[in-house]
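Engineer: with the sequence up front, the predicted model follows.
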Amino acid sequence: MQWFNLQDNVNLLSLIGALVIIILTIAVAGRYVSQMKVAKDSAAPLSEHSWDGIGEYKNDVPLGWAIVFVLTLVWAIWYYLLGYPLNSYSQIGEYNDEVKAMNAKFEKEYANPDAKTLHAMGEGVYLVQCAACHGITGDGINGKAADLKIWGSQKAIYDVIMNGSKGLDYPMGEMPGGLVDEESAKAIAAYVAKDISGIKKTPNEDLVETGKAMFAACAACHGEDGKGMDGMSPDLSRYGTADFVVDVLQRGKKGAIGTMPKFSDGRLNSVQQKAVGEYVLSLSRGE
């Protein structure tokens, strides 16, 4: 910055304001210092309050101080409503404009990315935003966070039925574990994986019909179709797809080692969130 660049209106205004403040400060302080040297015949009356024998004079508010105070208020209101930065250049504003322009360019360039591009993009975002808690390989760092290498699989559904699901923000609350025995959990997991979720397959075809009958224990929260009753609980029809990961990213989640933040704050755009979803699914597929 050129401190004495008078061609810059904001800089000029700041210098004038600083000069006025210095002059007023010297003038007011000088006036009252000079008055202190002159003895007054009549002193102001004492206040009725006394602290340990120490009284206080009822002096009027100094006129100079009051004028400077009012002028400061007027200056502040003018500066906030009409002056900088609302009506002038702003580095923050320039940065926000650049971010919007780059986001628009990004969304245009990656409007229809192929699977390979999404995987590469998702891996890059994952390593920066997610690996610190879930591990570089997605294994959850020995149980400290969710194991993404089984996420989106029938095994993970079984694990949730047995151990519950914690931390997601839904009106129905958290899902408790241990509501059914192991055999029932396997059957329900097979049914959800094959007929409800985005997985659409199961190695336990013989358990699907049994699991369908037992799913009544889950329908109270997830609905008979498993779609979560209009957002009251997780939509199981999206489980095993990138959309379910995106939902978790937007909601955030409380975990054993802290709280996973909501990525709906602008740090990831919709394409990047979808890319993370595709990459997380690839971990469970061993890709």
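Structural biologist: Now that the structure is in, tell me what you want to look at.
Engineer: just to be sure, residue 101 is in a helix?
Structural biologist: Yes. According to DSSP: H, G, I helix; E, B strand; the rest coil, residue 101 belongs to a helix.
Engineer: pull the number of nearby residues for it.
Structural biologist: When neighbours are defined as other Cβ atoms under 10 Å, residue 101 has 10 of them. The way it works is simple: take the backbone N, C-alpha and C, and place the C-beta from them, glycine included.
Engineer: same check, this time on residue 133
Structural biologist: Residues contacting residue 133 under the criterion other Cβ under 10 Å number 16.
Engineer: next one: residue 228
Structural biologist: Residues within reach of residue 228, counting by other Cβ under 10 Å, total 20.
Engineer: what stretches of the stretch 51-200 of the chain score poorly on pLDDT?
Structural biologist: Within the stretch 51-200 of the chain, the segments meeting pLDDT under 70 span 83-90.
Engineer: all helices for it, in order.
Structural biologist: Remark: helices assigned in the stretch 51-200 of the chain by DSSP state H, counting those that start in this stretch are 63-81, 91-109, 115-129, 131-134, 140-143, 154-163, 182-191.
Engineer: for the last one, C-alpha coordinates in PDB please.
Structural biologist: Written as PDB, here are the backbone C-alpha positions of helix 182-191 (Å, rounded to 0.1, in the frame of the first residue of the first chain):
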ATOM      1  CA  GLU A 182     -27.900 -62.600  14.900                       C
ATOM      2  CA  GLU A 183     -29.800 -64.800  12.600                       C
ATOM      3  CA  SER A 184     -32.700 -62.300  12.300                       C
ATOM      4  CA  ALA A 185     -30.100 -59.600  11.600                       C
ATOM      5  CA  LYS A 186     -28.600 -61.600   8.800                       C
ATOM      6  CA  ALA A 187     -32.000 -62.200   7.200                       C
ATOM      7  CA  ILE A 188     -33.000 -58.500   7.500                       C
ATOM      8  CA  ALA A 189     -29.700 -57.400   6.000                       C
ATOM      9  CA  ALA A 190     -30.200 -59.800   3.100                       C
ATOM     10  CA  TYR A 191     -33.700 -58.400   2.400                       C
END
